[in-house]
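Undergrad: Got a sequence here, can you model it:
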Amino acid sequence: MKLRFLLLFLALLPASLPAQTTDTSGKPFVVEYYYKAKWGSADEFLQLFKKNHYPLLKKQVEMGRMLKVWMDQPRYHATEDGRWDYRVTIVFKNSTVANEPFDEDTLKKQLYPDQASYLKEEQRRFEILLSHWDLPVRTMDLEGK
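TA: A predicted model of the protein is given here:
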């Protein structure tokens, strides 16, 4: 039953999401990335993230593709269905830059010459995840009309 619901949900997902228009005005584009690790594995996930993924993000900030990257962790716990362990917020230069293809593999090879170790650790980082989702967000102007 759960599998049938999941397949139906996935089939309807593109139709249920509003179309994302490319913002050519140059405004920053913000995406939040949520990570939920298996119980007892959040610290290991963080260690691997800081070692293998954060340097790639920092390099993209240096290149100007991204403006800012930071990570948040909830102070208290939530219900299991709403639980997440880490939220990484990335502010891209604009939505075009965020959505266009980007060759991250070249950066990975530059930063991690030992690709076998890097790939093994990245595989482990994703093995300990229960779920991961991305959420583009926009700031609302509460003072404007």
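
Undergrad: CA atoms for contacts and neighbours, from now on please.
TA: OK.

Undergrad: May I see the buried residues of stretch 96-104?
TA: Neighbour-count burial for stretch 96-104 flags 96-98 (criterion: 16 or more other Cα atoms under 10 Å).

Undergrad: of the residues you listed, closest to residue 56?
TA: Lowest distance from residue 56 to these (Cα to Cα) belongs to residue 98, with 14.7 Å.

Undergrad: contacting residues for the closest one?
TA: The contact partners of residue 98, by Cα atoms under 8 Å, 6 or more residues apart in numbering, come to 29, 65, 92.

Undergrad: Inside strands: which ones of those?
TA: Under the assignment DSSP state E, these contribute 29, 92 to strands.

Undergrad: hang on, the earlier thing: kindly indicate which of the buried residues of stretch 96-104 lies nearest residue 47.
TA: Compare each of the buried residues of stretch 96-104 with residue 47 using Cα to Cα and the shortest gap goes to residue 98, at 25.6 Å.

Undergrad: name the element the closest one belongs to?
TA: Assessed by DSSP states H and E, residue 98 sits inside helix 95-99.

Undergrad: what do you get for residue 26?
TA: Assigned by DSSP H and E, residue 26 falls within no helix or strand.

Undergrad: State the distance from it to residue 96.
TA: 8 Å (Cα to Cα, to the nearest Å).

Undergrad: again, but for residue 69
TA: 18 Å.

Undergrad: ok, back up a step: and the helix holding residue 98, how far from the chain's centre?
TA: Centre-to-centre, helix 95-99 and its host chain are 14 Å apart (Cα atoms, centre = their mean, to the nearest Å).

Undergrad: Now do that helix, average pLDDT.
TA: For helix 95-99, the mean pLDDT works out to 95.

Undergrad: Which element is encountered next along the chain beyond it?
TA: Sequence order places helix 104-111 as the next helix or strand after helix 95-99, per DSSP H and E.

Undergrad: Just want the angle from the following helix or strand past that following helix to helix 104-111.
TA: Sequence order places helix 115-127 as the next helix or strand after helix 104-111, per DSSP H and E. Orientation check (axes from the mean of the first three to the mean of the last three Cα atoms, to 10 degrees): helix 115-127 against helix 104-111 gives 120 degrees.

Undergrad: Alright, that wraps it up for me.
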